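> A predicted structure for the sequence below; I have some questions about it.
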Amino acid sequence: MNLSYKPYTLFFKRPFKIAHGVRESTAIVLTEIGFEGVVGYGEACLPPYLSETQESVASFLNKASKVLAIHHYPFDMQQVLDEIDNIDLGNTAAKAAIDIALHDLIGKLQNKPCWKSFDCNKNDTPYTTYTLGIDEPEIIRQKVIEGGVFKVLKVKLNGESDKQIIDTIRSVTDKPIAVDVNQGWKDKFVALDMIEWLKDKNVLFVEQPLPKANLDDALWLYERSPLPLIADESVQRYSDIDRIKNCFHGINIKLMKCTGLHEAHKMIRKARELNLKVLIGCMSETYCAVSAAAQLSPLVDYADLDGPLLIKNDIFKGITFTDGKITLSELPGIGVVKKED
Ligand code: MG
């Protein structure tokens, strides 16, 4: 996927400034927050099926800039982020773009990678899944071969040719598979039948099998499923966890859903207290937002952070994958540099 960037810059009252560029296709807004000559990078990723747009993010950033401008230092980050969260409901990707840039900025000012600030051991990173879309068998076989070094596959199912897709993958590899249904099974009985069929196919877990609001059926399925069930669309923010904690075995945390690293870290700690599994995921993000999410990855069970592999003209370099294992660097902040630098 090639994306076109339309960068533009906005300047705000010192000491903070926010610059943002816009990427067409899957829309992206890139933020920069500067302090005393040091710049932190952030990103909002805006898939077309969600409600935020480049315009809504720009409008939110205008309001956020007023909050930033009354703070003299970035170090009271929690206070700043609380004030930004209170500007308006929703706008979670816009909020994440500020959260990520602030974490990056503070990490750079302290010359410390974020994973150290989160008390992580960088050897504990998980393997990322390598995503296969819904496709013709020949293309699926081809993609499995292309993802040769990755140890775990992720496959999207939608209730149409699910068994054929799994059989196609199993004709080429016996690697573990993470299944993401994206709410695609409309009926709990169909869902249970499919999960029973999947349980002997080396499947790690099933993500969001049923429509997000249908928690009665989610609970019914949870009580019967032989495979772990992970909530994605059913859980966005910290405050959602209590509502769904008895209906799933784990949660998928994405920075764009939960407003960024600060809240994602809180969600991980809460999930641990509740014995829930944690998957950290991403959208079609560049190495900026994905490297940010990866800073928390030593604390989780599973990672789905292969988003940047689909982008041919990413302007950032960040985390790397060593045979599919997330590899964090000693670079400060979220550990990214712009390719031109
Ligand atoms: Mg999902």
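Here it is on my side, so go on.

> Taking the stretch 51-200 of the chain, what residue is nearest to the ion?
For the stretch 51-200 of the chain, the residue closest to the ion is Asp180, as judged by CB to the ion, at 4.4 Å. Bear in mind the C-beta positions are built from the backbone N, C-alpha and C, glycine included.

> and if you look at the stretch 151-300 of the chain?
Taking CB to the ion, the stretch 151-300 of the chain has Asp232 as its residue nearest the ion, at 3.6 Å.

> OK, contacts around that residue?
180, 182, 207-208, 251-252, 254, 281 (CB atoms under 8 Å, 6 or more residues apart in numbering).

> In strands, which of these fall?
Secondary structure assignment by DSSP state E places 180, 207, 251-252, 254, 281 of those in strands.

> continuing past the helix or strand Glu55 falls within, what's the next helix or strand?
Taking DSSP states H and E as the criterion, Glu55 maps to helix 54-69. Next in sequence after helix 54-69, counting helices and strands by DSSP H and E, comes helix 77-85.

> that older thread, the residue nearest to the residue of the stretch 51-200 of the chain closest to the ion when sequence neighbours are not counted and Ile195, how far apart?
Nearest residue to Asp180 in three dimensions, chain neighbours excluded: Glu207, at 4.2 Å (CB to CB, 6 or more residues apart in numbering). Using CB to CB, to the nearest Å, Glu207 is found at 12 Å from Ile195.

> got the buried residues for stretch 309-326?
309, 311, 314-319, 321, 324-326 (16 or more other CB atoms under 10 Å).

> Nearest to the ion among the residues you listed?
Nearest to the ion among those, counting by CB to the ion, is Leu309 at 16.8 Å.

> before we move on, back to that, from the buried residues of stretch 309-326, which has minimum pLDDT?
Here the lowest pLDDT out of the buried residues of stretch 309-326 sits on Ile311, with 81.

> In this model Ser284 seems to touch that residue, though I could be wrong.
Yes: between Ile311 and Ser284 a contact is recorded at 7.0 Å, counting by CB atoms under 8 Å.

> Was I right to think Thr125 contacts Ser329?
No: Thr125 lies out of contact with Ser329 (CB under 8 Å); the separation is 11.4 Å.

> of the two, who's got more company?
Neighbours were counted for Thr125 and for Ser329 using other CB atoms under 10 Å; Thr125 has more, 25 against 16.

> who touches the more buried one in this structure?
Contacts of Thr125 were listed using CB under 8 Å, 6+ apart, and they are 294, 297-298, 303, 325-328.

> pull the helix or strand with minimum mean pLDDT from the protein.
Least confident helix or strand, the chain: strand 5-9 with a mean of 35, by mean pLDDT, DSSP states H and E.

> Show the low-confidence segments of this structure, by residue range.
Low-confidence segments of the chain (pLDDT under 70): 1-25, 341.

> near the ion, which residues of it?
For the chain, the contact set with the ion under CB under 5 Å from the ion comprises 180, 207, 232.

> I'd like the residues you listed as CSV, with distance to Ala93 appended.
Formatted as CSV, these follow (distance: CB to CB, whole Å):
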residue, distance to Ala93
Asp180, 20
Glu207, 20
Asp232, 16
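
> Looking at those residues, which is nearest Val57?
Asp232 (21.9 Å; CB to CB).

> quick one: the helices in the stretch 151-300 of the chain?
Ranges of helices in the stretch 151-300 of the chain, per DSSP state H, counting those that start in this stretch, are 162-170, 188-198, 215-222, 241-244, 255-258, 261-273, 287-294.

> Could you name the helices and strands sitting against the fourth one?
Going back to what we said before, that points to helix 241-244. helix 215-222, helix 261-273 (3 or more CB pairs under 8 Å, 6 or more residues apart in numbering; DSSP states H and E).

> Give me the helices and strands touching the first one, please.
Think helix 215-222. Counting by 3+ CB pairs under 8 Å, 6+ apart, helix 215-222 packs on helix 188-198, strand 229-231, helix 241-244.

> And for the longest one?
Using 3+ CB pairs under 8 Å, 6+ apart as the contact criterion, the secondary-structure elements in contact with helix 261-273 are helix 77-85, helix 92-109, helix 241-244, strand 250-254, helix 255-258, strand 277-281, helix 287-294.

> again, 6 Å this time
Judged by 3 or more CB pairs under 6 Å, 6 or more residues apart in numbering; DSSP states H and E, the packing partners of helix 261-273 are helix 92-109, strand 250-254.

> Kindly present those as JSON lines, with separate columns for mean neighbour count.
Formatted as JSON lines, the helices and strands packed on helix 261-273 follow (neighbours: other CB atoms under 10 Å):
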{"stretch": "helix 92-109", "mean neighbour count": "27"}
{"stretch": "strand 250-254", "mean neighbour count": "25"}
